[in-house]
Structures are given as C-alpha cells and as structure tokens.
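**Student:** Got a predicted model here, sequence first, then my questions.
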Amino acid sequence: MNKHCIIIFSTLLYVSIIVYPSIIVKKYIKICVASNMTTCKIQNNAKQLYIEDACNKHLLITKKIINVFFINQNTISVDGCILSLPVLIKPSEDGFIFIGLNSYRGDFILQKSYTLCNSFDVINIISIENYLKGVIPKEVNENWDIEALKVQSIASRTYSILNYKKHEHQGFNLCSTTHCQVYGGLSAEAKKCNIAVMQTEGKILMYKGELAHTVFHSTCGGHTENSKYIWYKAKSPKYLRGVKCSFCSKSPYFRWQENLDEDLIRNKLLNNIEQINIGNIQKIKVKSRTQTGTAKTLKIIHSKGKFLICAYQFRLIINPYIIKSHAFSSIKHCGDKFYFTGKGWGHMVGLCQWGTKVMAEQGKTCSQILKYFFPKTKINTIQYQ
Ligand SMILES: [Zn+2]
Ligand SMILES: [Zn+2]
C-alpha cells in the first residue's frame, strides 16, 4: 500500500469512527394505555401480582381479577386496600396483565392523571424491543414480505427513541394512539412481525450523526412530499424532500374519490378557524401546487367573500379519513355537494408503506428501501442501558 492509499484509508477509518458513535438509550419505555380512569379492572394470568405503592406498602395478590377505584387526590383502592399513587403492579414472570380487551408484557404503574383531576393513568413499563412487537402489526400487514416488516421496525424504533420525551410532562413517554404510535400490546403481536423486530434489534436510522425523523404514511400516490409543505418549516432536511415512488399503485388508496355536503364543509371551517365568517361555499379551487404537484393552497369562494387556506390544513380540519390526502386531482361542486378526487393517503412525507411492500416483493432489502425513501441516511445500532 503506497503512502497516498494509506492516507485515504486512515481518513476513511477516522471518518467511520466519528460518523458512527455509540448511541446509548434507555432499555425501557413507559406507554400510557388508558388515561383519565376513575375505575379499572385489572386481570392477569400470573401466579401472583406484586404491588407496591408510593409509601412502600407491599401487597402480594393471587386473584385473577382485581378492581381499582380512584378515591381522592393521591389514593386509590386496589382490591379493597387503600394505596398511595403511584402504584407499581408487577406480575410474576410466568404471566401477563390484561387491561380491557388487551394483554400486555411487562409491568404497570397507576399514576395520577396530568390532564384530568380525580383520575389516574394506566402506564405499561416495557422494553423498547417488546413494545415494538405490539406496534408493527398495527402499522403494517403481518403477511407482507419480511423486508417490509423490517423497514417498519427500524422506522418505528427510530421514531420511538426520537420521541421518547413527547409525553414527559405527563409522566410517561408515548401514548398508545395515533398521536404517537398505535400500540396493542401482546394481543396485537404477530409471529412474523416479532421476527422482523428481533432481526433488526437495536437498529435505527441516522442522518449526519443524529436520529432521522422516520415519518411514514400509507400511500404516496406517486411521489413523496417535501416536509416543509406539511410542517411549515422554512427548510426541510435533505432526506425529507420527497422522492418519486412508482411502487404504490396497488394500494387501495393510490387514487380516491369522496363527496361531502357543502354545509358540513362550511361548519367544519367555521368551527376550526378563528374569527371567520363564511357564507355558502360556491367553489373550492387549488390555488397553488408544490413542485411535486400536490395542492399547496386552496382558495375558498363563498357568498360572503373568499379566503385562502393551506391544503394540508383543510384536509385535517374537514376529516383526514375522508379527505385522504392533500394531493387533489379535482374538486367539483354540484348541487349541495362537493366531489373530491385525489392521490394517496396520509401526509405523504418520508416512507410510503405501500411502496415499501411492493419494493420488498421485488427483492429490495430493508436497507435499500430505507435509503430510497430517506436518501443519505445510514442505519446504525444503538446500545440499551
Ligand atoms: Zn402521544
Ligand atoms: Zn408510494
């Protein structure tokens, strides 16, 4: 090896060392699975439950069903015993806890609710890896190719760690709804998704030494979106500026059409936009489009005037399950109804899940798919502590 090659080799080695530092994250995460409860039935299939309250009062319970009631500011009744919040509930290793219709791995904490007085939240304490097993089947179909499930595992793991403090002020890390990621516990688990989580254990996506925002959506309809049009940032990171996607045409949401009554649209706008006076809506026009052709701004013409509204905001105000995207192809008015046609489902930023499904079927690996939808990112492995 000549001197020139040695310098290049040493430089590459040095760069690889500084680009991939070890990321150490906490092994366990707190997920709120039920909030603002005044009463709760906790079932289990364990030999016994170990219960400990804030004053170190201990209980060992062998009953399969225990009833919990809120008493006052800091106390609850657990199986007839008065305990101080927060209360830890730990099943023996052979069993699981059931809250409502779902069973869960891990331990639980009952703690005072931050959002509603005189109530408590039910928090599942679980390792991030086991948490993901209850998340992936809620996001994608367990029958999809394993590489697609691995892509979702890395995206969801990265999201979980990046958003670890999202609900910190409420005393937990993430909620179990679409606000964070839908989590169904052990009941939601599927064998193939568990394999995908285990095969990608600790793997996360990074951009320039930081965790990447691994946002995802169902179907992009042909091109993913530049994040600045959705989250109103002046600049978007290079890996979230949108890529062409010729893979999601088999999605049931690749093209969509819906119709809505004029008065429903008018009332939704009136209820959600401050200080606005809207008469009968006569026309909804796409006023401007992004570089990828999605609607950027809509012009609403009504009997008392007109106004502009961000197309993505319009979708969220009206109903994101009916108006599936802001990629409107046409908006027509006939009688008392508006007829919408459009492409894709979701905010369309980042990973296209249906595109991922098809790319995996075509033989692309998990790493290739992630790098396609998040260009210039790198997969790294975290260490749990
Ligand atoms: Zn949340
Ligand atoms: Zn797509």
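**Tutor:** Yep, that arrived. Numbers count the residues shown, from 1 in each chain. Ligands and ions are numbered 1, 2, ... in the order given.

**Student:** in its sheet, what does the helix or strand where I284 lies sit against?
**Tutor:** Using DSSP states H and E, the element containing I284 is strand 281-289. Strand pairing for strand 281-289, determined by DSSP bridges: strand 295-302 (antiparallel).

**Student:** What residues sit buried inside the partner strand?
**Tutor:** For strand 295-302, a neighbour-count test (16 or more other Cβ atoms under 10 Å) marks 295-298, 300, 302 as buried. (Each C-beta comes from the backbone N, C-alpha and C, glycine too.)

**Student:** List the contacts of the residue nearest to S303 when sequence neighbours are not counted.
**Tutor:** In this structure, S303 finds its nearest non-sequential neighbour in G279, 3.2 Å apart by Cβ to Cβ, 6 or more residues apart in numbering. Counting by Cβ atoms under 8 Å, 6 or more residues apart in numbering, G279 touches 302-305.

**Student:** Just these: which are in strands?
**Tutor:** Mapping these onto strands (DSSP state E) picks out 302, 305.

**Student:** What is the neighbour count of G335?
**Tutor:** 9 (other Cβ atoms under 10 Å).

**Student:** related to what we said a few turns ago, let me have the contacts of G279 in TSV, adding distance to ligand 2 and pLDDT as columns.
**Tutor:** TSV is the format used below for the contacts of G279 (distance: Cβ to the ion, whole Å; pLDDT from 0 to 100):
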residue	distance to ligand 2	pLDDT
H302	35	96
S303	39	96
K304	40	94
G305	38	95
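
**Student:** Pick out the most distant pair among the contacts of G279.
**Tutor:** Maximum pairwise distance in these, criterion Cβ to Cβ, is 8.2 Å, between S303 and G305.

**Student:** just to revisit the earlier point, so can I have a markdown table of the buried residues of strand 295-302 showing distance to ligand 1?
**Tutor:** Shown next, in a markdown table, are the buried residues of strand 295-302 (distance: Cβ to the ion, whole Å):
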| residue | distance to ligand 1 |
| --- | --- |
| A295 | 28 |
| K296 | 28 |
| T297 | 29 |
| L298 | 29 |
| I300 | 31 |
| H302 | 35 |
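
**Student:** Quick check: the farthest pair among those?
**Tutor:** K296 and H302 (20.5 Å).

**Student:** beta partners for the residue lying closest to G100 once chain neighbours are set aside?
**Tutor:** Using Cβ to Cβ, 6+ apart and skipping the chain neighbours, the partner closest in space to G100 is A34 (7.0 Å). Beta-bridge partners for A34, by DSSP bridges, are V122.

**Student:** Contacts only, for A34.
**Tutor:** Counted by Cβ under 8 Å, 6+ apart, A34 has contacts 40, 99-100, 121-122.

**Student:** Report the buried members of these.
**Tutor:** The neighbour-count test (16+ other Cβ under 10 Å) marks 40, 99, 121-122 as buried among the contacts of A34.

**Student:** Which one of these is nearest to ligand 2?
**Tutor:** I99 (36.0 Å; Cβ to the ion).
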